[in-house]
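*Asks:* model this:
(2 chains)
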Amino acid sequence: MEAAHAPAHGHAHDDHGHKPSGIMRWVKSTNHKDIGTMYLWFSFTMFLVGGVMALIIRSELFQPGLQIVQPDFFNSMTTYHGLIMVFGAIMPAFVGFANWLIPMQIGAPDMAFPRMNNLSFWLLPPAAMLLIAAQFMPGGGAGVGWTMYAPLSTQAGPAMDLTIFAVHILGISSIMGSINIITTILNMRAPGLTLMKLPLFCWTWLITAYLLVAVMPVLAGAVTMTLTDRHFGTHFFNAAGGGDPVLYQHIFWFFGHPEVYIIAIPAFGVVSQVIPAFSRKPLFGYASMVYATASIAILSFMVWAHHMYTSGMPVEAQLYFMYATTLIAVPTGVKVFNWVATMWKGSLTFETPMLFALGFLFLFTLGGFTGLVLSITPVDVQLHDTYYVVAHFHYVMVAGALFSAFAGIYFWLPKWTGRMYDETLGQWHFWLSLIFFNVTFFVQHFLGLAGMPRRIPDYALQFTEFNMISSIGAFGFGLSQLLFLYIVIKCIRSGEKAPDKPWDGADSLEWTHLPTPAPWHSFETPPVIK
Amino acid sequence: MTGGDMQRKASFIEVLQMVLSAFLGIRKRAEHERLEVAPLQVVLVGLLAAAAFVVTVLSVVRLVLRWA
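*Replies:* Now for the predicted structure:
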């Protein structure tokens, strides 16, 4: 606690008027706002890179037959689209939110470890460069899928080594970010701000950070074993040498399932701030929201093999993973109920952040339902590796995490930049995104139910119409995101001046105790919370 | 863990109640920070409860398979 009480004037160059200028302001930054901004711009850049890969995929799939790309390149695109969107776009976006908001919401001047914060950001660009450079290695990118299953990954070309190294670096960055977030929330809260008074965004990040610390080393272990299998004569995943390729799948998904919640839980946090603000009511069931989030985090460690029903396992294990997975619907249901109950009898208005939060609520729930469908073993055996799965996880990742990130950006942009975004254009961005998202992904449920496998560049003729619809939707969705870029740049350059508290119902410290735009150091003296 | 009006240390049963409500995801706000809890207590009871959860689901699986 003492650290939070000390004024932040230790170094003269940290003072308000004496920011380092030019490029060095960013390279050497230890300021949580600058680093948060860099995280957000980095993730948007990677979102565009991953998005272009998605459009290459959808272009090829517009018609059956091979028109535009070769199968190897197609496989590489599906692989790096997944890796870049998960590790380069969504995760850094929410770390960007954490950097910007946690110190402001807990009444602290900055993050607990500002220099480590700098390092955890600056590890990201090299990792991104490795993932992009992998495309230009002999033999092209590693078309192994984002899950990097053995034995495909142990046999892939040199691009695989770059990919493995990138995953290592991204993991180190995430762990350092998590240590920073945990320490900041536990030790730097303003006096009187007990844990159960924390804004829900801080709670969700606290829980997410623990998940990250627990599972990133598991992923690092999995890819390290792949690396030693490839180059140093081990046989972890090689049956001929006494190893087991299915072992890789178990290790990967022991990381991979909590990873789903690493992405979803901060999104829950953003939505839990936005919905009460535009309902002008406190969040319904705050405590149960905290407990439900913890519950989801705990359960996420016990369900990993539902990704592997078709890999072969005893019926006893299939039933265990099926029962455990369906139980996750209970705490998730608690959350959805609480969000709806928050809006009940509220004075609702529908500005862009609220629209995106409602889009999240509706579509994420739909993605949750298809997840419940997939958790049933006999159904999954039919649907495994079909477009039904692709549709399911895009409802969770895009309509869930990405829509929530958009909600958060529109919500906090006035506080960050001191200017309002263009409300009319924001609403256009929402409706275009919502419609094109569903055009792209809803039809993929039908493709999956009809039996179209994922990760294929060519398909049988009967799938043509739905694929055409999906590809048109994908281009519409992609172009709509350029509108978002325009809205953000317009806001920063020439938006109207924002008041300190533009949203009636917003009640966390960054709105009630800080001017707009937020000062260079959030709280030099901590506020006293009653 | 902060705040001055905390009196009594939580008993094992009370910590278990906290952890179990975390599993279900529902708890009254009035119940919060009424008692003093050491983080280690929660972690240990949490691991125990997680193990109990796995054992319970596995026992249900066994029962189902016996009837099948």
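*Asks:* for the rest of this, base every contact and every neighbour count on C-alpha atoms.
*Replies:* Fine.
*Asks:* distance of residue A:353 from residue A:65?
*Replies:* Note on residue A:353: its distance to residue A:65, by C-alpha to C-alpha, to the nearest Å, is 42 Å.
*Asks:* which of the two has more neighbours?
*Replies:* Per other C-alpha atoms under 10 Å in any protein chain shown, whichever of residue A:353 and residue A:65 has more neighbours is residue A:353, with 28 against 13.
*Asks:* check residue A:12 and give its pLDDT.
*Replies:* Turning to residue A:12, the model gives it a pLDDT of 44.
*Asks:* over to residue A:440?
*Replies:* So, for residue A:440, pLDDT stands at 98.
*Asks:* quick one: residues contacting it.
*Replies:* For residue A:440, the contact set (C-alpha atoms under 8 Å, 6 or more residues apart in numbering or on different chains) comprises A:469, A:470, A:471, A:472, A:473, A:474, A:477.
*Asks:* distance check, it against residue B:60.
*Replies:* Counting by C-alpha to C-alpha, the separation of residue A:440 from residue B:60 is 40 Å.
*Asks:* and for residue A:407?
*Replies:* Separation of residue A:407 from residue B:60 (C-alpha to C-alpha): 42 Å.
*Asks:* one more: residue A:96?
*Replies:* Applying C-alpha to C-alpha, the value for residue A:96 to residue B:60 is 43 Å.
*Asks:* show me the shaky parts of chain B.
*Replies:* Within chain B, the stretches with pLDDT under 70 are B:1-7, B:25, B:28-33.
*Asks:* ok, residue A:368 touching residue A:396?
*Replies:* Yes: under the criterion of C-alpha atoms under 8 Å, residue A:368 makes contact with residue A:396 at 7.1 Å.
*Asks:* OK, contacts around the residue positioned nearest the centre of chain B?
*Replies:* In chain B, the centroid-proximal residue (C-alpha atoms, centre = their mean) is residue B:19; its distance is 1.9 Å. Residue B:19 sits next to B:42, B:45, B:46, B:49 when contact means C-alpha under 8 Å, 6+ apart.
*Asks:* just those: which are in helices?
*Replies:* B:42, B:45, B:46, B:49 (DSSP state H).
*Asks:* now, among those, which is nearest to chain A?
*Replies:* Ranked by distance to chain A (C-alpha to the nearest C-alpha), these are led by residue B:46 at 8.8 Å.
*Asks:* the longest helix in chain A is where?
*Replies:* As assigned by DSSP H, the longest helix anywhere in chain A is helix A:245-279.
*Asks:* now check it, is it near chain B?
*Replies:* No: applying C-alpha under 8 Å from any C-alpha of the partner chain, one finds helix A:245-279 out of contact with chain B, separated by at least 14.0 Å.
*Asks:* which elements pack onto that helix?
*Replies:* helix A:91-106, helix A:200-231, helix A:286-299, helix A:329-343, helix A:352-375, helix A:403-417 (3 or more C-alpha pairs under 8 Å, 6 or more residues apart in numbering or on different chains; DSSP states H and E).
*Asks:* what is the least confident helix or strand in chain A?
*Replies:* Ranking every helix and strand in chain A by mean pLDDT, DSSP states H and E puts helix A:2-5 at the bottom, with a mean of 42.
*Asks:* show the subsequent helix or strand relative to that helix.
*Replies:* Next helix or strand after helix A:2-5 toward the C-terminus (DSSP states H and E): helix A:23-27.
*Asks:* would you pull up the residue in chain A closest to chain B?
*Replies:* residue A:292 (3.6 Å).
*Asks:* from residue A:204, how far off is that residue?
*Replies:* With distances taken as C-alpha to C-alpha, residue A:292 is found 10 Å from residue A:204.
*Asks:* look up how far residue B:34 lies from residue A:117.
*Replies:* Taken as C-alpha to C-alpha, the span from residue A:117 to residue B:34 is 35 Å.
*Asks:* around chain B, which positions in the stretch 201-350 of chain A sit nearby?
*Replies:* A:285-296, A:298, A:302, A:316, A:319-320, A:323-324, A:330-331, A:334.
*Asks:* mind doing that once more with 10 Å?
*Replies:* Residues of the stretch 201-350 of chain A found near chain B (C-alpha under 10 Å from any C-alpha of the partner chain) are A:285-299, A:301-302, A:315-324, A:327-328, A:330-335.
*Asks:* ok so, going back, export the helices and strands packed on helix A:245-279 to JSON lines and tack on mean pLDDT?
*Replies:* JSON lines is the format used below for those (pLDDT from 0 to 100):
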{"stretch": "helix A:91-106", "mean pLDDT": "97"}
{"stretch": "helix A:200-231", "mean pLDDT": "97"}
{"stretch": "helix A:286-299", "mean pLDDT": "85"}
{"stretch": "helix A:329-343", "mean pLDDT": "91"}
{"stretch": "helix A:352-375", "mean pLDDT": "97"}
{"stretch": "helix A:403-417", "mean pLDDT": "97"}
